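Q: Okay, sequence plus prediction incoming.
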Amino acid sequence: MILLNPVGALGRAVLGGLAAVGRLALYLGATLYAMVRPPFYFREFGHAVWVIGYNSLPVVGLTAIFTGAALALQIYEGGSRFNAGQVVPSIVAIGMARELGPVMAGLMVAARVSSSIAAEIGTMKVTEQIDALVTLSTDPMRYLTVPRVLAATVTVPVLVAVGDSIGIFGGYLVGTQSLGLNAAAYLRNTADYLEIWDVTSGLVKGAAFGFLIALVGCYFGMNSGRGAQGVGAATKSAVVAASVLVLAANYILTTLFFAA
């Protein structure tokens, strides 16, 4: 019997994980259903766009410029071993547009937005504000979840585009000021090798990441436990789940977009 205890604990963990995935899937279905049914709360949507999109610009911009700068240094160091230092502009641009721009923006937004959404909705649940919405014949799903999910789906691709631009500019600064690359040649190589699909694929990833981030934040907020400890646990779970889903979705989308 003692030998079976670890097996039983593993089985319970697996079943608990599958149950959590099922609950999230049901919540996803309810969210999609609520999106196509009125009423629509445009004021809440506008506020969510401001909070999720505009207020996330500083952290996304700072992350992108340092990522692009470090990427340029690493590529130059590796390429110089094979006399291929001139590939810095093209690889920085493609790497930022396809992978690093969407992923870094997604992770930063996941850390900032999913936690704040989970904490906000969890606090509303603890203070019985959600119950008050139901009493006033207001569907919490349409009033709280749908505006935030739509706002994140719309704004995160914009953040990705801004992050791509700033990251490429960071690589440009390092390449021209520290590595001695010609500025005109750097810009020409960036424009020649960067294709429309490279940028578009990153924007599609951003939309998927934004949808998942807001959905997870709302889900854990709606299902948070009572009291400050429950809200804290929901916030932590939202950040972890959103970050993991961003990385998993990035792999899946990269496979669909670029696998031979």
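A: Everything's here; your move. Residues are numbered from 1 along each chain as shown.

Q: Could you give the number of residues near residue 229?
A: As a burial measure, residue 229 scores 10 neighbours (other Cβ atoms under 10 Å). Where you see a C-beta, it was placed from the backbone N, CA and C, and this is true even at glycine.

Q: which helices and strands does the host helix or strand of it pack with?
A: If you go by DSSP states H and E, residue 229 is part of helix 227-258. Counting contacts by 3 or more Cβ pairs under 8 Å, 6 or more residues apart in numbering; DSSP states H and E, helix 227-258 packs against helix 101-109, helix 115-126, helix 196-222.

Q: Show me how far it is from its chain's centre.
A: Its chain's C-alpha centre and that of helix 227-258 lie 8 Å apart, by Cα atoms, centre = their mean, to the nearest Å.

Q: buried ones in it?
A: For helix 227-258, the neighbour count (16 or more other Cβ atoms under 10 Å) marks 231, 233-235, 237-239, 241-243, 245-246, 249-250, 253-254 as buried.

Q: pLDDT on it, on average?
A: Averaged over helix 227-258, pLDDT sits at 90.

Q: so how many other residues sit close to residue 5?
A: As a burial measure, residue 5 scores 9 neighbours (other Cβ under 10 Å).

Q: and what of residue 173?
A: Residue 173 has 14 neighbours, counted by other Cβ under 10 Å.

Q: now residue 145
A: Neighbours of residue 145 under the rule other Cβ under 10 Å: 25.

Q: Nearest residue to the middle of this structure?
A: Closest residue to the average C-alpha location of the chain: residue 106 at 2.5 Å, with Cα atoms, centre = their mean.

Q: related to what we said a few turns ago, please identify the deepest-packed of the helices and strands packed on helix 227-258.
A: Across those, averaging neighbours per residue (mean count of other Cβ atoms under 10 Å) puts helix 101-109 on top, at a mean of 27.

Q: Model confidence at residue 83, what's the number?
A: Each residue has a pLDDT score; the one for residue 83 is 69.

Q: now the one 3 residues further on
A: In the predicted model, residue 86 carries a pLDDT score of 77.

Q: same check, this time on the one 3 residues further on
A: For residue 89, the pLDDT comes out at 85.

Q: Please look at it and residue 182 and confirm they touch.
A: No: when contacts are counted by Cβ atoms under 8 Å, residue 89 is not listed as touching residue 182 (9.9 Å).

Q: In terms of packing, which of these two has more residues around it?
A: When neighbours are counted by other Cβ under 10 Å, residue 89 and residue 182 differ, and residue 89 comes out ahead with 27 against 13.

Q: Please report how far that one lies from residue 48.
A: From residue 89 over to residue 48 the distance is 37 Å, taken as Cβ to Cβ, to the nearest Å.

Q: Residue 140 now?
A: 15 Å.

Q: quick one: which of these two has more around it?
A: Legend: neighbour count by other Cβ under 10 Å for residue 140 and residue 48, higher for residue 48 (24 against 20).

Q: In which helix or strand does that one reside?
A: Here residue 48 is covered by helix 42-52, with elements defined by DSSP H and E.

Q: Can you spell out which helices and strands pack onto that helix?
A: Counting by 3+ Cβ pairs under 8 Å, 6+ apart, helix 42-52 packs on helix 146-177.

Q: so what secondary structure elements neighbour the helix it packs on?
A: helix 4-35, helix 42-52, helix 57-80, helix 88-95, helix 101-109, helix 183-193, helix 196-222.

Q: now the last one against helix 146-177, angle please.
A: Right, the one you point to is helix 196-222. 140 degrees (axes from the mean of the first three to the mean of the last three Cα atoms, to 10 degrees).

Q: What number of residues are in the vicinity of residue 82?
A: Residues lying near residue 82 (other Cβ under 10 Å) number 8.

Q: Tell me, what's the model's pLDDT at residue 4?
A: 60.

Q: got it, and the one 5 residues further on?
A: Model confidence at residue 9, expressed as pLDDT, equals 74.
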